[in-house]
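Asks: what shape does this take:
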Amino acid sequence: MALTKANIVALVHHELKLPKTKSVEAVESLLEIIKRTLASGEDVLITGFGKFCVHDKKERRGRNPQTGKDVMLRSRRVVTFKCSGVLRDKMNGEGTGLR
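Replies: Numbers count the residues shown, from 1 in each chain. Model prediction:
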(Lines give C-alpha, C1' and ligand atoms only; values in the text may rest on other atoms or scores of the structure.)
Protein backbone atom coordinates (compact mmCIF):
# COMPACT_ATOMS: atom_id res chain seq x y z
CA MET A 1 0.00 0.00 0.00
CA ALA A 2 1.26 3.47 -0.86
CA LEU A 3 1.91 6.22 1.65
CA THR A 4 -0.62 8.94 0.84
CA LYS A 5 -0.64 12.63 1.66
CA ALA A 6 -3.38 11.95 4.23
CA ASN A 7 -1.15 9.32 5.86
CA ILE A 8 1.74 11.78 6.00
CA VAL A 9 -0.49 14.41 7.61
CA ALA A 10 -1.67 11.87 10.19
CA LEU A 11 1.94 10.86 10.97
CA VAL A 12 3.04 14.48 11.35
CA HIS A 13 0.02 15.09 13.59
CA HIS A 14 0.83 12.06 15.73
CA GLU A 15 4.64 12.26 15.91
CA LEU A 16 5.01 16.03 16.31
CA LYS A 17 1.87 16.46 18.42
CA LEU A 18 0.72 19.29 16.15
CA PRO A 19 -2.93 20.17 15.72
CA LYS A 20 -4.43 18.50 12.63
CA THR A 21 -4.85 21.85 10.83
CA LYS A 22 -1.20 22.78 11.43
CA SER A 23 -0.10 19.34 10.22
CA VAL A 24 -2.06 19.81 7.00
CA GLU A 25 -0.55 23.29 6.52
CA ALA A 26 2.98 22.00 7.12
CA VAL A 27 2.68 19.12 4.66
CA GLU A 28 0.94 21.26 2.03
CA SER A 29 3.56 24.00 2.40
CA LEU A 30 6.44 21.57 2.03
CA LEU A 31 4.94 19.97 -1.07
CA GLU A 32 4.17 23.39 -2.58
CA ILE A 33 7.78 24.52 -2.04
CA ILE A 34 9.05 21.35 -3.76
CA LYS A 35 6.62 21.77 -6.69
CA ARG A 36 7.48 25.46 -7.12
CA THR A 37 11.22 24.72 -7.05
CA LEU A 38 10.93 21.93 -9.63
CA ALA A 39 8.69 24.06 -11.85
CA SER A 40 11.38 26.77 -11.88
CA GLY A 41 13.85 24.18 -13.22
CA GLU A 42 15.88 23.74 -10.03
CA ASP A 43 16.69 20.38 -8.47
CA VAL A 44 15.57 19.48 -4.94
CA LEU A 45 18.11 17.75 -2.71
CA ILE A 46 16.93 16.29 0.59
CA THR A 47 20.00 15.01 2.44
CA GLY A 48 19.61 11.43 3.61
CA PHE A 49 16.59 10.93 1.33
CA GLY A 50 17.42 11.72 -2.28
CA LYS A 51 17.42 14.18 -5.12
CA PHE A 52 14.60 15.20 -7.46
CA CYS A 53 16.15 16.32 -10.77
CA VAL A 54 14.52 18.26 -13.61
CA HIS A 55 15.60 17.11 -17.07
CA ASP A 56 14.74 18.71 -20.41
CA LYS A 57 13.79 16.24 -23.08
CA LYS A 58 14.19 17.29 -26.70
CA GLU A 59 11.54 16.88 -29.34
CA ARG A 60 11.81 13.38 -30.75
CA ARG A 61 10.14 10.95 -33.06
CA GLY A 62 7.89 8.38 -31.42
CA ARG A 63 5.35 5.83 -32.52
CA ASN A 64 1.70 5.41 -31.65
CA PRO A 65 1.55 1.83 -30.32
CA GLN A 66 -2.10 1.39 -31.37
CA THR A 67 -1.70 2.43 -34.99
CA GLY A 68 2.04 2.06 -35.54
CA LYS A 69 2.04 5.57 -37.02
CA ASP A 70 5.09 7.82 -36.48
CA VAL A 71 4.42 10.95 -34.43
CA MET A 72 6.57 13.81 -33.16
CA LEU A 73 6.73 14.02 -29.37
CA ARG A 74 7.05 17.58 -28.12
CA SER A 75 9.96 18.73 -26.00
CA ARG A 76 9.14 18.65 -22.32
CA ARG A 77 10.51 18.58 -18.81
CA VAL A 78 10.52 15.46 -16.67
CA VAL A 79 11.36 14.89 -13.02
CA THR A 80 13.51 11.97 -11.95
CA PHE A 81 14.36 10.79 -8.45
CA LYS A 82 17.62 9.31 -7.27
CA CYS A 83 17.65 7.99 -3.73
CA SER A 84 20.56 8.70 -1.42
CA GLY A 85 22.96 6.00 -0.32
CA VAL A 86 21.59 6.31 3.22
CA LEU A 87 18.05 5.56 2.03
CA ARG A 88 19.22 2.74 -0.23
CA ASP A 89 21.10 1.12 2.66
CA LYS A 90 18.09 1.50 4.96
CA MET A 91 15.78 -0.09 2.36
CA ASN A 92 18.18 -2.99 1.97
CA GLY A 93 18.74 -3.40 5.71
CA GLU A 94 22.46 -2.77 5.42
CA GLY A 95 24.46 -1.22 8.24
CA THR A 96 23.09 1.55 10.40
CA GLY A 97 22.12 3.76 7.50
CA LEU A 98 24.83 6.27 8.42
CA ARG A 99 27.69 7.23 6.15
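Asks: any stretches of this structure with poor pLDDT?
Replies: Within the chain, the stretches with pLDDT under 70 are 95-99.
Asks: try 90 this time
Replies: Low-confidence segments of the chain (pLDDT under 90): 1, 94-99.
Asks: give me the domain ranges for the protein.
Replies: 1-40, 41-99 (automatic domain parsing).
Asks: so what does the helix or strand harbouring residue 38 touch, helix or strand wise?
Replies: When secondary structure is defined by DSSP states H and E, residue 38 falls within helix 20-39. Judged by 3 or more CB pairs under 8 Å, 6 or more residues apart in numbering; DSSP states H and E, helix 20-39 is in contact with helix 5-16, strand 44-46, strand 50-57. (Glycine included, C-beta is placed from N, CA and C.)
Asks: for whichever helix or strand comes after the last one, give me every contacting residue.
Replies: Taking DSSP H and E as the definition, the helix or strand that follows strand 50-57 towards the C-terminus is strand 60-63. By CB atoms under 8 Å, 6 or more residues apart in numbering, the residues outside strand 60-63 that reach it are 69-73.
Asks: mind listing what strand 60-63 pairs with, with the direction of each?
Replies: Strand 60-63 sits in its sheet next to strand 70-73 (antiparallel), going by DSSP bridges.
Asks: the partner strand: what's the following helix or strand?
Replies: That would be, after strand 70-73 and using DSSP H and E, strand 76-83.
Asks: ok so, going back, just the buried positions in the helix holding residue 38, please.
Replies: Across helix 20-39, burial judged by 16 or more other CB atoms under 10 Å covers 23-24, 26-27, 38.
Asks: now the residues you listed as a markdown table including distance to residue 83?
Replies: As requested, those are exported to a markdown table (distance: CB to CB, whole Å):
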| residue | distance to residue 83 |
| --- | --- |
| 23 | 25 |
| 24 | 27 |
| 26 | 23 |
| 27 | 21 |
| 38 | 17 |
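Asks: of those, which is the nearest to residue 52?
Replies: Set against residue 52, the nearest of those by CB to CB is residue 38 (6.2 Å).
Asks: thank you, goodbye.
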